[in-house]
Structures are given as structure tokens and as C-alpha cells.
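1. the sequence and its predicted three-dimensional model are supplied below.
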Amino acid sequence: MRGPTILFLFIALVTAVAVAGGGGEFDGDYSKLSGIIIPGFASTQLRAWSILDCPFSPLDFNPLDLVWLDTTKLLSAVNCWLKCMMLDPYNQTDHPDCKSRPDSGLSAITELDPGYITGPLSSVWKEWIKWCIEFGIEANAIIAVPYDWRLSPAMLEERDLYFHKLKLTFETALKLRGGPSLVFAHSLGNNVFQYFLEWLKLEIAPKHYNKWLDEHIHAYFAVGAPLLGATETVKAALSGLTFGLPVSEGTARLLFNSFGSSLWMMPFSKYCRAENVYSKHFSWGGSRKSHQTYFCDEQEFQLNFSGWPTNIINIEIPSTHGLEAYPSITEIAESNLTSMECGLPTQLSFSAREMSDGTFFKAIEDYDPDSKRLLYQLQKLYHGDPVLNPLTPWERPPIKNVFCIYGIDLKTEVGYYFAPSGKPYPDNWIITDVIYEMEGFLTSRSGNDVEGNPGATSGDETVPYHSLSWCKNWLGPKVNITRTPQSEHDGSDVHVELNVEHIHDVDIVPNMTKLPRAKYVTYYEDSESIPGKRTAVWELDKANHRNIVRSPILMRELWLQMWHDVHPNATSKFVTKAKRGPLRDEDCYWDYGKARCAWAEYCEYRYNFGDVHLGQSCRLKNSSAKMLLDYL
């Protein structure tokens, strides 16, 4: 049995412990906590809700057949599969011949394409669930809230009543287990949760809103949140992003642009925001259907790139239509005018603001059929949303405990160069160059020099650092920073800075060294600036966006944080970082230099039948429970 002592200790604690609250802590029995998982984009299974005959394939689609993701049917009946996946880009309705709906329960988010070979390749939350089982979490304590990730936020509510159901999920969890919930959201799931919190404001009387949150949500773990969007969204909209599926980029583009959610993670400026619908609804008596106006601070027009490292798009546009083709471009350089008179392509650049306010799509609408559809979606489903324009910066949610977690230090795309390909739609654009951020520098695929303002480090290979690290603005003026190795350690390589001054809208860069080739976790923690509330940011070196929910390092830290909150003798606000010993049998390994199991204080050699190497026989000692006391 894995980690028997830890499992026993955890079960004993969560079944009998009651702790006194204070400083934003839950006052009650922690065995009553629930965990609610909100998955990210394309991380929920979709099943057919129609009967579709595929004439050129032996495989048909019948009700409840897996659509997303069934690679066998994708390969053998791609046209039928597309009918079940694509939506009408204007009204978000299903194809007349086939409709798909999200599956329910934990099985909908564990593996997208179950199977001996495809299962591990499409695993999402399976390892997370295994950890919960391993450490004694009860079955009814973990709740998945899958959704149709193809839909815009307003359509999620209009078609599926998703946010009503999510509210009932929190309330049911409270009645079932007697305590509040922990929210785990990944990637687009954070955008969904943001919209839910704003939707909830309009459903609950103002004086009861914060009370409802305190009663139903104990902590929010935002994992890989694209808080200011992701540049890969632009790539998917213009040239297609296959995610490794056996389809062409043109087909992937058609599919992606039919979804109302295609613009949900569009990059936007941190200096621009929409009207406050909540204040307008209650203070001015305005209609909830009113159009939201986009406002930008003066900084947006004084600084380059909308605060991003560089321009999101640089694109060559044929100039056969003249100046009338650019209704949103007010100033064009003399060199560009000369080239246009000669009929040569004109290169235009667009910042994050010009992506999110529609300027870019207006500029190319004469050359690209999808731009009209995307502009329609942008204006109706986002700028005209009756609850929230999601393309606006998010302030710290009013939840007691907020943990923002993301990977850094990986090569991440932050900008693109596009040009006409000479091929018909949907393959009419080609990427001629890509701009990357990497460890505080900007590079390009071509090797050309890049103009821009890189951040302190790079993103998680999918979402740029600029977007991920926006949640650092949720921290207060004084922050404690700790940097530790990701692997098990004895505290010798731990760096701590206390009460570091933090200026709003300015990144915090710790003055700490890193050993070469070592991976670290950097913690930014604040429990003082907002009475009764805790805020923390965790940066994990080399943690990939799509795999971070499978990271054993993340799961270990989440487990310790929850265990720390369970214990009645916990005195600190956050888990101490001074030591990290092995928690599971898998953490023990063989030290060939000393010819014994490493971490002799906690691990011992104990052979079981079937072990095939020395490290597999290194297991936790029965006396290792005392190690957990180090984390109080």
C-alpha cells in the first residue's frame, strides 16, 4: 500500500479534526470540504446526441458515441466527425445532421480517448484523481463540472444553463458534506470561473454575494490561467492549430473558427476594460442587454505593444483595394503609401488591444472570409455580453484563499508574421516567422532581431508569461518570496526574502540565484494586505501548460497545503518550504553512490515480489509520519 502512514494520518485527521478559524481560515471540520474541478479548453469529452450514417465508413455515429475524442472515427470518417463537432459561427447551433453534448462526471475529464495506447496520450485529470484516491479522499468529495468548451460564455448559460448548474453544484456540495469547496480550474476553466463569479453578482442580492462566496468556496487554485489571453489563439484563428490530431491545418482552422469560444482567450491589453455591468445594473438601472463600451487608459496609447512583449501580429496585406480596405487604420507610413501605389504588399502590425477591439479583423475583412464571422462573434458574444466582456483584466476574486499557479521558463510563442500563401481559403495565410520569449529574451524562428520588451522570464509553452503573471497584481504591497528546488530537499538550497516591496502593475523579480540545470518552485505569498484573506503565486520552472495538472510537484504542493490547513496545530499561514521529504513510495529511490536507498531517514529497502529494479524496492518507512509535522 502506498504511503500507508500518511494515508492513515490523513483519514484520522479529516474525520475528527475541528480547527479554529482566523485570518480567512475555514472554521469547521475539514472532512466536509469538497473539490470542484473546472477543466480547460478541449479537456471535456463530447458525445453524439444524434444518429448519423456515414456512407463511406463502416463506423457510424449513434447516441452517446464518443466524438471528442475518438481518433478511430476521426481517421475513418472525418467528414462525419466534423459534422458532429462544428457549430454555426453566427448562432452557435449544431449541424443539422449531428449534434454533440458534453459528458458528465469525472470520467468526462480523466481521459479524452480511453484505450491502451490512446488513453495515456489523452490523459488530462487522471493522475490528479489517482492522487486523491491514494491519499484517502472520498468519492463524493471530488466533483467535475464539464462543459461544452466550444461555446461562448453567454451561450453556455443560454443553451445549457451551465452557470445555474454550477451554482447548484456548490450548494449541493455544501449540503452533502457540510462545508465549502476548493475550486481547481485549469486554462480556459479559469475564464469560465471568472464569468461565473460575475454572473453570480447579478443572480444574488449584493449584500449576500460575499456571504455566499465565503460559505461555498474556501480556496481557489488557478492553474495555468490565461488572464490576459494567449497568442496561440491568433495562430489557431488564422492558420489553424491541430493539437497533434491527424487533420490539416486548414480543417483545424475551419473547426476552431466555428466555435464561439474561439475568441475567449484572445490577447487583450491590461490597460483596457469594459463598463462595469454590475454597477450599471444596480446603480443606474440600466438594461442587462446594453452594449458595453471599451475604455483604455492613457498608458495604452503612450506605450508600445499594449504592455505585451511585442506586437501580436505582423501581416502582409495585398494593396489592390487601396486605402478603403483599412477603415480602422488611421496612420500609414509614407513608405507604405509608396508600396501601395505600386501594388506591392503592405505590412501592418497589430497590438493586443487591436486584436481584442476588432481593429485587426476589420483591416483584413476584404481578404479573409473568416474575419467577418470572427468580427461578428467578437462584437456580439464578447463586447455585447450582458454579464461581462471577458476580454478585460480580472482583479483578484473576492475569495478567502487564492492560489495562482503556472509554469515558466519555457520557449513560448508571443508574436507572428503572416503573409498570403497564394492558396484558397482556408489555407490563404502562411506563417513566415514566429517570435518567441525565452528566459527573459525575445528570439525569432528566422534569427532576425526582434523589437520588444521581454518580461523577466518566459511562459509555459502555450500562454506567455505576461498573461500568466497578471495575478501577481493580486498580491499586496509586502510579499514574502521563497525559492526551493522542485525535487525532495533538506533545505540547504532554499532562498527566502521577507517583506519584499511590491508596486502594483510592476513585476516582482526575486534577487535569487539558480543552480544550472536545477528546477525550482518560486512562491510569492501575502496574507497581510487583505484582512482575512490569503493570496499566493506559485511559479514552477519548466512546467508545461498542458501537462501541469499531471505534475507530481504541483500535486505534492497542493496536497501539503491542504494537509497544512487540516492540522489543528498549524501556526503559519502557508506551508513551510524549509524541507521537502518523500511523501510516497515513488519518491524513494536508490542511491548508487552510497549503495542504499536515498533519504535513509524516511526510506528503506523493502523488496516485494515483482520488483524489477533497486529503486522500486525503496519504500517509505512506517515511521515517516513525523515528517509531516515539519510542514506546519
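-> Structure's in. What do you need?

2. check for me that T242 belongs to a helix.
-> No. Counting by DSSP: H, G, I helix; E, B strand; the rest coil, T242 is not found in a helix; it is coil.

3. how about the contacts made by it?
-> By CB atoms under 8 Å, 6 or more residues apart in numbering, the residues touching T242 are S248, E249, A252. (Glycine included, C-beta is placed from N, CA and C.)

4. same check on E451?
-> Contacts of E451 (CB under 8 Å, 6+ apart): T310.

5. what's the closest non-adjacent residue to P153?
-> In this structure, P153 finds its nearest non-sequential neighbour in Y195, 4.3 Å apart by CB to CB, 6 or more residues apart in numbering.

6. tell me which element that neighbour is part of?
-> Using DSSP states H and E, Y195 maps to helix 188-201.

7. quick one: work out the angle between whatever helix or strand comes next after that helix and helix 188-201.
-> The helix or strand immediately downstream of helix 188-201 is helix 206-216, counting by DSSP H and E. Taking axes from the mean of the first three to the mean of the last three CA atoms, to 10 degrees, one finds helix 206-216 and helix 188-201 inclined to each other by 140 degrees.

8. and helix 206-216, what's buried?
-> Across helix 206-216, burial judged by 16 or more other CB atoms under 10 Å covers Y209, W212, L213, D214, H216.

9. and the residue nearest to D460 when sequence neighbours are not counted, backbone torsions?
-> For D460, ignoring the flanking residues on the chain, the nearest one in space by CB to CB, 6+ apart is G407 at 3.6 Å. The phi and psi torsions at G407 (degrees, to the nearest 10) take the values phi -90, psi 150.

10. surely G407 meets R546?
-> No. With contact defined as CB atoms under 8 Å, G407 does not reach R546; the gap is 9.9 Å.

11. who's more crowded, these two?
-> G407 (29 against 19; other CB atoms under 10 Å).

12. pLDDT on the host helix or strand of C404, on average?
-> Assigned by DSSP H and E, C404 belongs to strand 401-408. Strand 401-408 shows a mean pLDDT of 97.

13. any idea which helix or strand comes after it?
-> Next element after strand 401-408 (DSSP H and E): strand 412-420.

14. which elements pack onto that next one?
-> Packing partners of strand 412-420 (3 or more CB pairs under 8 Å, 6 or more residues apart in numbering; DSSP states H and E): helix 232-238, strand 313-317, strand 429-438.

15. looking at the ones you listed, which is buried most?
-> Comparing the helices and strands packed on strand 412-420 by mean neighbour count (mean count of other CB atoms under 10 Å), helix 232-238 comes out on top with a mean of 23.

16. give me the next element, helix or strand, following it.
-> helix 249-258.

17. direction included, what does the helix or strand that comes right after that following helix pair against?
-> Using DSSP H and E, the next helix or strand after helix 249-258 towards the C-terminus is strand 272-274. Strand 272-274 sits in its sheet next to strand 294-296 (antiparallel), going by DSSP bridges.

18. can you give the distance of the partner strand from its chain's centre?
-> Relative to the chain's own centre, strand 294-296 is displaced by 25 Å; criterion: CA atoms, centre = their mean, to the nearest Å.

19. could you pull out the buried residues of it?
-> Of all the residues in strand 294-296, those buried under the rule 16+ other CB under 10 Å are Y294.

20. I'd like the average pLDDT over it.
-> On average, strand 294-296 scores 82.

21. what does stretch 142-157 give?
-> 96.

22. start to end distance for that stretch?
-> 23 Å (CA to CA, to the nearest Å).

23. in that stretch, what's buried?
-> 142-157.

24. who touches the residue nearest to A77 when sequence neighbours are not counted in this structure?
-> Closest residue to A77 apart from its sequence neighbours, by CB to CB, 6+ apart: S57 at 3.7 Å. By CB under 8 Å, 6+ apart, the contact set of S57 is K73, S76, A77, C80.

25. of the residues you listed, buried ones?
-> Judged by 16+ other CB under 10 Å, buried ones among the contacts of S57: K73, A77, C80.

26. between those, which is nearest L182?
-> Ranked by distance to L182 (CB to CB), those are led by K73 at 36.3 Å.

27. residues contacting that closest one?
-> Taking CB under 8 Å, 6+ apart, one finds S57, L59, F61, D65, L66, V67, C80, W81 in contact with K73.

28. now the last one: phi and psi?
-> Translated: W81. phi -60, psi -40.

29. and the gap between it and D65?
-> Computed as CB to CB, to the nearest Å, the W81 to D65 distance reads 10 Å.

30. and of the buried ones among the contacts of S57, the nearest to K411?
-> K73 (33.9 Å).

31. that's a helix at that closest one, yeah?
-> Yes. Under three-state DSSP, K73 falls within a helix.

32. now the residue most central in space within the chain, nearest residue through space, not along the chain?
-> The residue lying closest to the centre of the chain (CA atoms, centre = their mean) is S187, at 1.5 Å. With CB to CB, 6+ apart as the criterion, S187 has its nearest non-adjacent residue at 3.0 Å, and that residue is G40.

33. also D70?
-> Here the residue nearest D70, using CB to CB, 6+ apart, is D113, at 6.4 Å.

34. neighbours around the one you found, how many?
-> 18.

35. what's the farthest-apart pair in the buried residues of helix 206-216?
-> Spatially, the most separated pair among the buried residues of helix 206-216 is Y209 and H216, at 11.2 Å (CB to CB).

36. test my guess that the residue nearest to S187 contacts H186.
-> Yes. Using CB under 8 Å, G40 is in contact with H186, at 4.4 Å.

37. what touches both of these two?
-> Common contacts of G40 and H186, defined by CB under 8 Å, 6+ apart, comprise G224.

38. A352 touches F268, doesn't it?
-> Yes. Contact criterion CB under 8 Å: A352 and F268 qualify, at 5.5 Å.

39. which residues do the two both contact?
-> What both A352 and F268 touch, as defined by CB under 8 Å, 6+ apart, is the set L228, G229, S306.

40. and these, which of them are buried?
-> L228, G229, S306.

41. confidence-wise, which of the residues you listed comes last?
-> Comparing the buried ones among the shared contacts of A352 and F268 by pLDDT, S306 comes last, at 90.

42. what about it, which SS state?
-> Secondary structure of S306, reduced to three states by three-state DSSP: helix.

43. which residues are in contact with it?
-> S306 touches P267, F268, S269, K270, Y271, C272, E300, S351, A352, R353, E354, counting by CB under 8 Å, 6+ apart.

44. now K165
-> K165 neighbours (CB under 8 Å, 6+ apart): V145.

45. pretty sure it is in a strand, no?
-> No. Using three-state DSSP, the secondary structure at K165 is helix, not a strand.

46. gap between it and F196?
-> 10 Å.
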